[in-house]
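S.K.: Generate a structure from the sequence data that follows.
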Amino acid sequence: MQLRKIGARSLPSFVGVLLLATGAVSALGVAHAQTPEPLRNVVQLSASGQVEVDQDWLQMNLSVNREGTNAAAVQKQLQQSVDAAMRSLKPQAQGQDMQVHSGSFGVYPRHGSDGKIKGWQGRAEVVLEGKDFARISQAAAQVPDLTVSSMGFGLSKEGNIKVQDQAQAMAVENFKARASQLTKQFGFASYSLREVNVNSQDGYFMPRMQRANVAMAAAPKMDMAEPVPVEAGKTQVTVNVSGSVQMQ
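M.R.: This is a model prediction of the structure:
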């Protein structure tokens, strides 16, 4: 076995490699030495803003139930009732005051005590919603076959956005006030914002079942002589602000 000597010509390249390796090790050492120290005097806090407003949106569900020995026949009866209701209601629709659209629709088997299918039952819905509570209630009372099965109140999208802006401004001010208070209590002169998160809990739609109306919906072809009385309540829109500040 022969040993290969490093000649004069190859010596500079060898030294260059050695210097590069040494430089890499030195760079690692500097990077390790320059690792930033953990932040000090940082506090986590949160605040919220809450606005209570009147609900300005009503959603009323009208439903019809049918049953029979043939699934296709039950489905056809439901569809006929829904079509008649839509023909009656659509001309009364008016922008945000009242909107009309179909709801859930289904046909299901009815089993006997032996587990076998004894017949079919189905249920279909038509939905009325909008800002004009009187218009919606009166329109619902004029629909044959369908009765009110449930209704709920909430905020319209426009109303919700407006109230959210108010609640958000309130939450931000409360967050800043609490940050200033904590800074003074800990003996610091000022603070800087490090991170912040904003989230909201709106009152767009809060469904509320009406038990009396659910019972009426189960009765076949029961006409409603008078509109269902409706009265909205209040809802709360809340915006939460959380984050951290560094006291200085």
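S.K.: Output the below-cut-off pLDDT ranges for this protein.
M.R.: Within the chain, the ranges that satisfy pLDDT under 70 run 1-37, 202-225.
S.K.: residue ranges for the helices of it, please.
M.R.: 11-33, 71-89, 133-141, 157-185, 211-217 (DSSP state H).
S.K.: Let's see the third one as CSV, backbone CA atoms only.
M.R.: Coordinates of the C-alpha atoms in helix 133-141 are reproduced here as CSV (Å, rounded to 0.1, in the frame of the first residue of the first chain):
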residue,chain,number,x,y,z
PHE,A,133,-93.4,40.3,11.1
ALA,A,134,-97.0,41.2,10.4
ARG,A,135,-96.8,40.4,6.7
ILE,A,136,-95.1,37.1,7.3
SER,A,137,-97.7,36.0,10.0
GLN,A,138,-100.6,37.0,7.8
ALA,A,139,-99.3,35.3,4.8
ALA,A,140,-98.7,32.1,6.7
ALA,A,141,-102.3,32.1,7.9
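S.K.: Would you mark the buried spots in it?
M.R.: For helix 133-141, burial by neighbour count (16 or more other CB atoms under 10 Å) applies to Phe133, Arg135, Ile136, Ser137, Ala139, Ala140. For every residue, glycine as well, the C-beta is placed using N, CA and C.
S.K.: Run the chain-centre distance for that helix.
M.R.: How far helix 133-141 lies from its chain's middle: 28 Å, per CA atoms, centre = their mean, to the nearest Å.
S.K.: Which elements pack onto that helix?
M.R.: strand 57-68, strand 117-130 (3 or more CB pairs under 8 Å, 6 or more residues apart in numbering; DSSP states H and E).
S.K.: Would you mind telling me which of the ones you listed is nearest Ala232?
M.R.: strand 57-68 (6.8 Å; CB to CB).
S.K.: measure Asp56 to Gly154 for me?
M.R.: 8 Å (CB to CB, to the nearest Å).
S.K.: quick one, which of those two is more surrounded?
M.R.: Gly154 (22 against 18; other CB atoms under 10 Å).
S.K.: Confirm for me that that one is in contact with Glu129.
M.R.: No. Using CB atoms under 8 Å, Gly154 makes no contact with Glu129, being 9.5 Å away.
S.K.: which residues do the two both contact?
M.R.: Common neighbours of Gly154 and Glu129, counting by CB atoms under 8 Å, 6 or more residues apart in numbering, are Trp57, Gln59.
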